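> I would like the atomic coordinates for the input below:
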Amino acid sequence: MPTRRSEEAAKEKLIDSVKSSLSDAEDLLREAASSSGDKASELRDRALASLKRTREALYDAQDAVLERGRKAARATDDYVHDNPWQAIGVAGVTGLLLGLLIARR
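Model prediction:
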């Protein structure tokens, strides 16, 4: 199971990668706008490839987040099945506290 530090490092790496890819694509598209002919076409292709890599990185990150969410839901489900009375107690106390907070308003 990954630690908080490794998750934060992976998140920072993804953010840096996305920023870099978008910056590269923006620069390439600006250069392509001022160029003509084959060079402009090549620059546009490179920009599109950069955007495609960024999109794939974001999809990978989305998949990782969804998988972590599924694991958390499974762990919660297992805990509730293994400790039903504790889960009922926690839910009851949480409901009581929320009710008190709402009633104060």
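> Please name the residues that touch residue 58.
14, 18 (CB atoms under 8 Å, 6 or more residues apart in numbering). C-beta: built from backbone N, CA, C; applies to glycine.
> can you pull out the helices in this structure?
Taking DSSP state H as the test, the helices found in the chain are 4-34, 38-82, 84-104.
> got the ones you listed as JSON lines, with mean pLDDT columns?
Formatted as JSON lines, the helices of the chain follow (pLDDT from 0 to 100):
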{"stretch": "helix 4-34", "mean pLDDT": "76"}
{"stretch": "helix 38-82", "mean pLDDT": "84"}
{"stretch": "helix 84-104", "mean pLDDT": "93"}
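> burial of residue 46, as a residue count?
17 (other CB atoms under 10 Å).
> doesn't residue 29 make contact with it?
No: between residue 46 and residue 29 there is no contact under CB atoms under 8 Å: 9.5 Å.
> and the gap between residue 67 and residue 18?
20 Å (CB to CB, to the nearest Å).
> When these two are compared, which one has more neighbours?
Taking other CB under 10 Å, residue 67 and residue 18 do not tie; residue 18 has more neighbours (16 against 10).
> And the more buried one, how close does it get to residue 91?
Distance from residue 18 to residue 91, by CB to CB: 39 Å.
> Over to residue 55?
40 Å.
> I'd like to know how many residues surround the residue nearest to residue 14 when sequence neighbours are not counted.
In this structure, residue 14 finds its nearest non-sequential neighbour in residue 61, 5.3 Å apart by CB to CB, 6 or more residues apart in numbering. Using other CB under 10 Å, residue 61 is surrounded by 16 other residues.
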